[in-house]
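**Q** sequence and predicted model, in that order:
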Amino acid sequence: MVGEGCSSIVVVVVVVVVVVVVVVVVVVVVVVVVVVIVIVHAVVVVVVVVVVVVVVVVVVVVVVVVAVIFYSFCLTHYRKLVF
C-alpha cells in the first residue's frame, strides 16, 4: 500500500519533467533550424547541438536521482504524511 502511493507520485513527477524536457528540446531544435536557415554557421550549430545533448543528459540524470531520493523519502515518511 505504501509503495503504491509513492510510486504514483513519482510517476506524475517524472512525467511532468519529461514533458517539460521534450518541449524545451523541440523549442531548441526549432531555434537551431531557424538559425541554420537564416545564418549558416556550422560551428554555431555544432555547439548548440552539443549543449542541447548535454542539457538533456543532465536533466535526465537529475530527474532519476530526484525520483529515487523522493521515492525513498516517501517510503520512509509516507505513514506520517497520511496519518
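**A** The structure has been received and is ready for your questions.
**Q** tell me which helix or strand Val64 sits in.
**A** For Val64, the element it lies in under DSSP states H and E is helix 42-82.
**Q** average pLDDT for that helix?
**A** Averaged across helix 42-82, the pLDDT comes to 75.
**Q** how far does that helix sit from the chain's center?
**A** Here helix 42-82 is found 5 Å from its chain centre; the criterion is Cα atoms, centre = their mean, to the nearest Å.
**Q** from the contact counts, what lies against it?
**A** If contacts are counted by 3 or more Cβ pairs under 8 Å, 6 or more residues apart in numbering; DSSP states H and E, helix 42-82 sits against helix 2-38. For glycine as for every other residue, the C-beta is placed from the backbone atoms N, C-alpha and C.
**Q** may I see the buried residues of the helix it packs on?
**A** Using 16 or more other Cβ atoms under 10 Å as the test for burial, helix 2-38 gives Cys6, Val10, Val17, Val28.
**Q** my guess is Val49 contacts Val33, does it?
**A** No. With contact defined as Cβ atoms under 8 Å, Val49 does not count as touching Val33 (11.5 Å).
**Q** picking up where we left off before, need the buried residues of helix 2-38 in CSV (columns: pLDDT and distance to Val38).
**A** Listed next are the buried residues of helix 2-38 as CSV, based on pLDDT from 0 to 100; distance: Cβ to Cβ, whole Å:
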residue, pLDDT, distance to Val38
Cys6, 72, 48
Val10, 74, 42
Val17, 78, 32
Val28, 78, 16
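**Q** possible to save those residues as a markdown table with distance to Val54?
**A** Shown next, in a markdown table, are the buried residues of helix 2-38 (distance: Cβ to Cβ, whole Å):
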| residue | distance to Val54 |
| --- | --- |
| Cys6 | 31 |
| Val10 | 25 |
| Val17 | 17 |
| Val28 | 12 |
